[in-house]
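Enquirer: sequence first, predicted model second:
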Amino acid sequence: MAELKWRDTAVLATSGRDEADHTKRMAARVPNLDIISQRLFERVNGRWPITKKGRALLEALRFD
């Protein structure tokens, strides 16, 4: 798990300005995002899998 977290952090740290701008544009399209109350993720056996509704939102945002 520590290796996964380190790798993810490294990717975010080196992704550059384009990725940061893309993330901000996506966030602006869903200003009141609350992934738990909107049931985009749910807790199942100590994990947080994405729901069908969460996948649909990601698919809609993908075409930025």
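Expert: Okay, I see it.
Enquirer: what number of residues lie near T23?
Expert: By the other C-beta atoms under 10 Å criterion, the neighbourhood of T23 contains 13 residues. (Each C-beta comes from the backbone N, C-alpha and C, glycine too.)
Enquirer: that one belongs to a helix?
Expert: Yes - under DSSP: H, G, I helix; E, B strand; the rest coil, T23 falls within a helix.
Enquirer: confidence score at P49?
Expert: In this prediction, P49 carries a pLDDT score of 91.
Enquirer: do A2 as well
Expert: At A2, the predicted lDDT confidence score is 52.
Enquirer: do the same with K5
Expert: According to the model's per-residue confidence, K5 sits at a pLDDT of 62.
Enquirer: quick one, helices of the protein?
Expert: Counting by DSSP state H, the chain has helices at residues 2-14, 16-29, 52-62.
Enquirer: of those, which approaches Q38 most closely?
Expert: Each of the helices of the chain has some distance to Q38 by C-beta to C-beta; the shortest is helix 52-62, at 7.3 Å.
Enquirer: tell me, what residue is most central in the chain?
Expert: If you average the C-alpha coordinates of the chain and look for the closest C-alpha using C-alpha atoms, centre = their mean, you land on L58, 8.0 Å from that point.
Enquirer: tell me which residues touch that one, please.
Expert: For L58, the set of contacting residues under the criterion of C-beta atoms under 8 Å, 6 or more residues apart in numbering consists of I50.
Enquirer: quick one: contacts for the residue nearest to M26 when sequence neighbours are not counted?
Expert: Here the nearest residue to M26 in space, its sequence neighbours aside, is L61; by C-beta to C-beta, 6 or more residues apart in numbering that works out to 4.9 Å. For L61, the contacting residues are 26, 29-30, taking C-beta under 8 Å, 6+ apart as the criterion.
Enquirer: report pLDDT for L61.
Expert: On the pLDDT scale, L61 is placed at 81.
Enquirer: go on, the one 3 residues further on?
Expert: D64 carries a pLDDT value of 53.
Enquirer: figure out which of the helices of the chain is closest to I35.
Expert: Put simply, out of those the one that sits nearest I35 is helix 52-62, at 7.0 Å, with distance taken as C-beta to C-beta.
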